[in-house]
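# sequence? don't have it. structure:
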């Protein structure tokens, strides 16, 4: 009876070991395919059959390390995508501001040609709000500002002869009278 019990226990152990080995093979295959979650599920099933199976325990540590590494790579890839998306958004925003500034430049040039200097300055300032270092707008601002000051300046005074002295006026009148 003891021999039969021992033989039954040995048979049960061999069956558990065989089952654990089958799960180990499936776990290794799915690990190689990159299906780490499935691999862990097979490992856990194998460990239920044989909790202290050394190859299953070692594979479990290895698969968990791979999962951590993969998660870190995925997180880094997501951050890189977000960084690229943000850069693209910023480039598009800069281009939009540049296009708006160029539109204001065209309007300012038209106003300048029509001698509407104050309107031209208004467009220039709106353009500079979009792109503060826009070189053509900055140069035009100086030019139009000068033109506006010149347009607002009073006309230059014509030279007026100094008033004649009273003595000179009297002498001129006497000469007129003598001529008659």
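Ah, there it is. Please read all numbers here as calculations on a predicted model, not as lab measurements. Numbers count the residues shown, from 1 in each chain.
# what's near enough to touch the residue lying closest to residue 131 once chain neighbours are set aside?
Computed as Cβ to Cβ, 6 or more residues apart in numbering, the closest residue to residue 131 that is not its neighbour in sequence is residue 101, at 4.1 Å. Heads up, the C-betas are built off the backbone N, CA and C, glycines and all. By Cβ atoms under 8 Å, 6 or more residues apart in numbering, residue 101 lies in contact with 127, 128, 130, 131, 134, 137.
# Quick check: the farthest pair among those residues?
130 and 137 (9.1 Å; Cβ to Cβ).
# what is in contact with these two at once?
101, 104.
# ok, these two, which is more surrounded?
A count of neighbours by other Cβ atoms under 10 Å puts residue 137 above the other of residue 130 and residue 137, at 22 against 19.
# buried residues in whichever strand or helix holds the more buried one?
Under the criterion of DSSP states H and E, residue 137 resides in helix 135-152. Within helix 135-152, the residues that count as buried by 16 or more other Cβ atoms under 10 Å are 137, 140, 141, 144, 148.
# Would you mind giving those as a markdown table with pLDDT and distance to residue 176 added?
Output for those, formatted as a markdown table (pLDDT from 0 to 100; distance: Cβ to Cβ, whole Å):
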| residue | pLDDT | distance to residue 176 |
| --- | --- | --- |
| 137 | 96 | 65 |
| 140 | 96 | 60 |
| 141 | 96 | 60 |
| 144 | 96 | 55 |
| 148 | 92 | 50 |
